[in-house]
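1. Mind folding the following:
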Amino acid sequence: MSKQRVTYTWKIGTERHPEAINDWLDAQSNIRDSLSFLVQIMQERFGNVDVRDIEVSKELIQFMNAMETSGKVERPPSHGKPSTSSNQASDQEKEVDDDLFSGIDDKAIFNRR
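-> Residues are numbered from 1 along each chain as shown. Alright, predicted model coming up:
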C-alpha cells in the first residue's frame, strides 16, 4: 500500500517562475480543489505515473499542442489584457505561447533512482 499523505507542502519560492505560479494560485477560487481536479485529470489521462517521465511528458506536450492547434482549447486572455481572438493574437503573445515548453529538457532523464 502506498504512503497515505494528509498534507503536502510546496515551497513555491524555489520554483523557476514563482510569480507565475502565484498568479495562477491567486486566480483559483479554491486552490485545493483546483489542484485536486488537475491531479484527477492527469490520473484519468495517464494513470498513476510520474509525469516527469520522459515518455509521459512527451505525450503530455503533444496532447496539449494538438488540443491548441485543433482549436478545441483556446487559452484565456491574461488578466488585465483585453480579450483577443486566437487569429488576432499579437506576435508577442505567440512568442509567449511558443516559449511555454522551452524550459523542458527533452534529453533529461526524469526517472528517480
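
2. Show me how this structure divides into domains.
-> Following automatic domain parsing, one gets these domains for the chain: 11-47, 49-74+90-113.

3. worst average pLDDT in those domains?
-> Lowest mean pLDDT of the domains of the chain: domain 49-74+90-113, a mean of 69.

4. now the end-to-end length of stretch 37-57.
-> Start-to-end span of stretch 37-57 (Cα to Cα, to the nearest Å) is 19 Å.

5. Offset the numbering so it begins at 42, please.
-> Will do, 42 is the new start, and the previous item becomes stretch 78-98.

6. Can you give me the buried ones in it?
-> F87, D94, I95, V97, S98 (16 or more other Cβ atoms under 10 Å). Using the backbone N, CA and C atoms, a C-beta is placed for each residue, glycine as well.

7. Just put those residues in a markdown table and tack on secondary structure.
-> As requested, the buried residues of stretch 78-98 are exported to a markdown table (DSSP: H, G, I helix; E, B strand; the rest coil):
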| residue | secondary structure |
| --- | --- |
| F87 | helix |
| D94 | coil |
| I95 | helix |
| V97 | helix |
| S98 | helix |
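
8. among those residues, which two are most distant?
-> F87 and I95 (13.1 Å; Cβ to Cβ).

9. Show me what the helix or strand harbouring R73 is packed up against.
-> Element membership for R73 (DSSP states H and E) is helix 72-87. Using 3 or more Cβ pairs under 8 Å, 6 or more residues apart in numbering; DSSP states H and E, the elements in contact with helix 72-87 are helix 95-111.

10. Give me the helices and strands touching the helix it packs on, please.
-> Right, helix 95-111 is packed against helix 72-87 by 3+ Cβ pairs under 8 Å, 6+ apart.

11. got the angle for the helix it packs on vs helix 95-111?
-> Interaxial angle, helix 72-87 versus helix 95-111 (axes from the mean of the first three to the mean of the last three Cα atoms, to 10 degrees): 100 degrees.

12. Which one of the buried residues of stretch 78-98 is nearest to S77?
-> The closest of the buried residues of stretch 78-98, once distances to S77 are taken by Cβ to Cβ, is F87, at 16.1 Å.

13. quick one: the closest one and K99 touch, right?
-> No - under the criterion of Cβ atoms under 8 Å, F87 makes no contact with K99, lying 11.5 Å away.
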